[in-house]
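Below: sequence and its predicted model.
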Amino acid sequence: MSLTPETAERLSAEALVRAALEAYPAACLTCSFQAEDVVVLHMARQHRPDLPVLFLDTGYHFPETYAYRDRLAAAWNLNLINLTPPLSVAEQEARFGQLYRTDPDRCCRLRKVEPLVAGLEPYDLWLTGLRREQSPTRAGLKKLETHTLPSGKRIAKLSPLADWDWKTVWAYLEVHEIPHLPLYDQGYRSIGCAPCTSLPTDPTNPRSGRWGGRKLECGIHTFDREG
């Protein structure tokens with residue numbers, strides 16, 4: 001079966017993950033270990049247990065996130081690849097100060113976007129847990145898109161949960177008895193770096209607790225997208 005954007009929109013999440021992994025041998029998943037990413041990871045592991053799992057290790061994550069990552073990586077024997085920036089947190093803060101306070105766009109670029117685009121170079125397919133419901137900035141998300149990396153390489157990006165709602169995500173975890181990141185029990189709905197994540201201020205927008213409301217995206221999902 002030829003996997004086109006139109007075909008992708010018609011397939012269930014499970015069928016889409018299977019079809020994409022069959023079509024693209026060089027595949028990876030970016031995983032923040034939030035619920036949606038863990039759902040896609042669980043689906044993908046049914047077909048490719050050794051799928052590379054890319055984690056953007058910014059150095060600023062919550063301790064709970066690191067602990068959950070390590071527990072799941074051990075329990076599922078994940079092929080976990082931690083993508084780290086050239087500068088440690090201490091080196092960056094010594095050189096530029098606390099960029100997450102003064103210039104969060106630059107902080108995200110240094111600690112997330114640049115390590116990610118370098119980490120994606122070996123792959124032809126990039127799986128994500130993005131959903132349209134997560135934010136107004138994601139309302140137009142397509143299940144299958146093409147992005148161009150700064151090197152010029154084009155990569156297919158698959159978001160099989162694009163049309164899922166939060167209840168469906170949570171139900172999947174429960175049905176498959178998958179433990180969740182404990183921060184959800186404290187009321188968090190979108191979880192990134194600790195200094196830039198707070199409880200949602202708008203119950204209709206799960207990402208309203210990110211960056212103090214100053215922005216909604218870090219940039220890893222908004223670099224060059226062709227459609």
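Everything's here; your move. Numbering: from 1, shown residues only.

do you know how far the nearest residue to residue 159 once chain neighbours are set aside is from residue 84?
Residue nearest to residue 159 in three dimensions, not counting chain neighbours: residue 130, with 4.2 Å by Cβ to Cβ, 6 or more residues apart in numbering. For glycine as for every other residue, the C-beta is placed from the backbone atoms N, C-alpha and C. The gap separating residue 130 from residue 84 is 23 Å, by Cβ to Cβ, to the nearest Å.

contacts for the longest helix anywhere in the chain?
Identified as the longest helix of the chain according to DSSP state H is helix 63-76. Taking contacts as Cβ atoms under 8 Å, 6 or more residues apart in numbering, the residues outside helix 63-76 that touch it are 32-33, 38, 41, 45, 53, 55, 78, 80, 179, 181-183, 191.

Narrow those to those in helices?
The helices, defined by DSSP H, take in 38, 41, 45 from those.

Low-confidence ranges, the chain, go.
Segments of the chain classed as low confidence (criterion: pLDDT under 70) are 1, 211-227.

Now with 80, please.
Low-confidence segments of the chain (pLDDT under 80): 1-2, 135-137, 202-227.

Do a quick rundown of the helices in it.
Using DSSP H, helices in the chain cover 5-10, 13-23, 35-45, 63-76, 89-96, 99-102, 104-108, 114-119, 166-175.

Look up which residues are beta-bridged to residue 53.
residue 29, residue 80 (DSSP bridges).

same deal with residue 154?
Counting by DSSP bridges, residue 154 is bridged to residue 148.

pretty sure it is touching residue 146, no?
Yes: using Cβ atoms under 8 Å, residue 154 is in contact with residue 146, at 5.6 Å.

neighbour count winner among residue 130 and residue 84?
A direct count of neighbours by other Cβ atoms under 10 Å for residue 130 and residue 84 places residue 130 higher, at 23 against 14.

Roughly how far does that one sit from residue 89?
According to Cβ to Cβ, residue 130 and residue 89 sit 26 Å apart.

same question, residue 103
Residue 103 sits 15 Å away from residue 89, going by Cβ to Cβ.

for residue 101, same thing?
Note on residue 101: its distance to residue 89, by Cβ to Cβ, is 13 Å.

And residue 193, by the same measure?
Counting by Cβ to Cβ, the gap from residue 193 to residue 89 is 10 Å.

and these two? which has more neighbours close in?
residue 193 (23 against 13).

residues touching the residue lying closest to that one once chain neighbours are set aside, list them.
With Cβ to Cβ, 6+ apart as the criterion, residue 193 has its nearest non-adjacent residue at 3.7 Å, and that residue is residue 60. Counting by Cβ under 8 Å, 6+ apart, residue 60 makes contact with 89, 100, 111, 193, 194, 195, 196.
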